[in-house]
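Asks: Test case, fold it:
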Amino acid sequence: MNARRAALVVVMLLLATACGTRLSDRSIEAAAYGPRGQAATEAAGPAASGPATGPGNAADGAASTGEAAAAPTATGGATHTAAATCAGATAATGEPIRIGQIGTFSGIIGAGGVGFKQTAQAWVAAINAKGGINGHPVKFVSADDGADGAKGLSEVKDMVENQHVIAFVSTMLLSSGTSVRAYLEQHHIPVIGGDVYDGFWHESPVLFPQSEFINNLHYATAASVVQAGHKSFALMWCAEVAACGAARPHWESSIKKLGGRVAYAAQVSLAAPDYTAQCVQAEQSGADVVWVGADPSTIKRIANSCARQGYHPSFTGAAGSLAVDFADNPSLDGFHGASQVFPWFMTSGSPAFQEYGEVMKRYAPSAQLQPSTAQSWVAMKLFEKVASATIAAGQTPTTDALFRGLWAIRNETLSGLTSPLTFVANKPAVKGDCSYLVAVQGGRWVAPSGLQLTCGTP
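Replies: Purely as a prediction, here's the structure:
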């Protein structure tokens, strides 16, 4: 057996084994590409394997090539994708469906954002292990924009013009959205799901959010603490991200609509080591709940600063402001918030939740389930539904096919994973107004209203 054939046999054995084990993506890629591919992954730095602190370093072997659990093989002079297949699955031999992703997966923001990448990689590995989508393997390319819009635009152009992706999926546009929007509209490239942390997700005909309108999420956030008996609010929002300050009017109108009042408001810096001054002023104002629009790390530092002053208000936040380890912080016990999609800690109770839990456990075993993993999972399932319905076996995958499938979506909940989604041809997504409540109680995250949606607008 020559060296090339021997290497291919090893790859296929590893891929087949991966169907029933937690074999790391790095092992699969090393077998497929040899030392060169492995070195490229290692050179990718933190973005390849998640933040340096805490758990969450999963699916790291796919970073350099973007092909989770898949390997190119040379046959008859042509390049194909050899996807892992499990018992009963048909090998994916069709033309690859090429999708891209950009996001902030490193630095302060990346600590919460890396879940978008890890989950997308896990889904790609799982779908290719089942034979792809209608016989088409999925080729996935991901890049870290480093919170730099110009870099994000450069990465998007490369993926469209050189790597020929037909869609972006589970994409974080928090840092690069303003930079890439015009280019995506010009080239008619759909963005299927992502962070949905900014209102522009519902302003463009090429953006297809997998969750409700972010400004409507603020109503549920306010409702979560008002229902718990808190009506006097201190508002704090970050100075570094425009979306933080843009949310303030919607916070205030939601609070007023629910019968609460704003007692104190202040802009804060993500880089500040301490927030004693703001905590003292919030306490003096009579606020019994602090609403923070910032990353989870900043929320924890604010809560700790307030606790050191003997001030123990409830805290609230939503979407990207939520973190798993809030449950480990006594200063955040009693935290109430809102999630744009199903609570990320639900991995049983329905086939849809069970699939999420099983895929993450098998293909991203060291990833920490968090809000971004749930957001990303719903984005990938939306893409799966649309691609499965529009890209038939033997067809060439196209953006036009995906657009047709997206425009057919009406009141779609993806088996209870998200609030109803509706898209209309050549128009921005219909703005949803329902979300799920979550809370920290007794050192653990819970869903106080179960899967009952809280709906309303500021």
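
Asks: Show me the shaky parts of this structure.
Replies: 1-90 (pLDDT under 70).

Asks: ranges for the helices of it?
Replies: Remark: helices assigned in the chain by DSSP state H are 3-18, 25-33, 35-43, 46-49, 107-129, 149-161, 177-187, 214-226, 242-257, 276-285, 296-308, 351-363, 371-390, 399-407.

Asks: mind putting the ones you listed in CSV, distance to Val138 and mean neighbour count included?
Replies: All C-beta atoms are positioned from the backbone trio N, CA, C, and that covers glycine. Formatted as CSV, those follow (distance: least, C-beta to C-beta, whole Å; neighbours: other C-beta atoms under 10 Å):
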stretch, distance to Val138, mean neighbour count
helix 3-18, 14, 15
helix 25-33, 14, 22
helix 35-43, 19, 14
helix 46-49, 19, 22
helix 107-129, 5, 28
helix 149-161, 14, 18
helix 177-187, 20, 16
helix 214-226, 28, 26
helix 242-257, 30, 19
helix 276-285, 46, 18
helix 296-308, 31, 20
helix 351-363, 13, 18
helix 371-390, 8, 26
helix 399-407, 13, 19
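
Asks: To Gly193, which of these lies closest?
Replies: helix 371-390 (2.4 Å; C-beta to C-beta).

Asks: In CSV, could you pull the C-alpha coordinates for the closest one?
Replies: Taking Å, rounded to 0.1, in the frame of the first residue of the first chain, the C-alpha atoms of helix 371-390 are listed here in CSV:
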residue,chain,number,x,y,z
PRO,A,371,-25.9,31.9,25.3
SER,A,372,-23.7,32.1,22.1
THR,A,373,-23.8,28.3,21.7
ALA,A,374,-27.6,28.4,21.7
GLN,A,375,-27.7,31.4,19.3
SER,A,376,-25.3,29.6,17.0
TRP,A,377,-27.1,26.3,17.1
VAL,A,378,-30.4,27.9,16.0
ALA,A,379,-28.6,29.7,13.2
MET,A,380,-27.1,26.4,12.0
LYS,A,381,-30.5,24.7,12.2
LEU,A,382,-32.1,27.5,10.2
PHE,A,383,-29.5,27.1,7.5
GLU,A,384,-30.0,23.3,7.6
LYS,A,385,-33.7,23.6,7.1
VAL,A,386,-33.4,26.1,4.2
ALA,A,387,-30.5,24.2,2.5
SER,A,388,-32.2,20.8,2.8
ALA,A,389,-35.4,22.2,1.2
THR,A,390,-33.7,24.0,-1.7
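
Asks: Could you pull out the buried residues of stretch 448-456?
Replies: For stretch 448-456, the neighbour count (16 or more other C-beta atoms under 10 Å) marks 449, 453-454, 456 as buried.

Asks: Between those, which sits nearest Tyr363?
Replies: Using C-beta to C-beta, the buried residues of stretch 448-456 come closest to Tyr363 at Leu453, 29.3 Å.

Asks: So that closest one versus Val440, what's the distance?
Replies: The spacing between Leu453 and Val440, counted by C-beta to C-beta, to the nearest Å, is 20 Å.

Asks: circling back to that earlier point, so which of the buried residues of stretch 448-456 belong to strands?
Replies: Counting by DSSP state E, the buried residues of stretch 448-456 place Thr454 in strands.

Asks: What is the end-to-end distance of stretch 308-322?
Replies: One end of stretch 308-322 sits 22 Å from the other (C-alpha to C-alpha, to the nearest Å).

Asks: repeat for stretch 158-169
Replies: With C-alpha to C-alpha as the measure, stretch 158-169 spans 16 Å from end to end.

Asks: Show me how far that stretch is from its chain's centre.
Replies: 19 Å (C-alpha atoms, centre = their mean, to the nearest Å).

Asks: Give me the residues contacting that stretch.
Replies: With C-beta atoms under 8 Å, 6 or more residues apart in numbering as the test, stretch 158-169 has contacts from 97-102, 120, 141, 143, 156, 183-184, 187, 189-194, 379-380, 383, 397-399, 402.

Asks: Ok, stretch 450-458 next?
Replies: Stretch 450-458 is touched from outside by 215-216, 218-220, 223-224, 249-251, 253-254, 257, 338, 342, 416, 419, 433-437, with contacts defined as C-beta under 8 Å, 6+ apart.

Asks: Swap in 6 Å and give it another go.
Replies: Stretch 450-458 is contacted from outside by 216, 218-220, 223, 250, 253-254, 419, 433-434, 437, using C-beta atoms under 6 Å, 6 or more residues apart in numbering.

Asks: mind checking the end-to-end distance for it?
Replies: The first residue of stretch 450-458 is 23 Å away from its last residue (C-alpha to C-alpha).

Asks: now stretch 302-321
Replies: Stretch 302-321: ends 13 Å apart by C-alpha to C-alpha.

Asks: List the contacts of that stretch.
Replies: 112, 197, 217, 221, 225, 230, 274-276, 279, 283, 288-292, 331-332, 334-338, 340.
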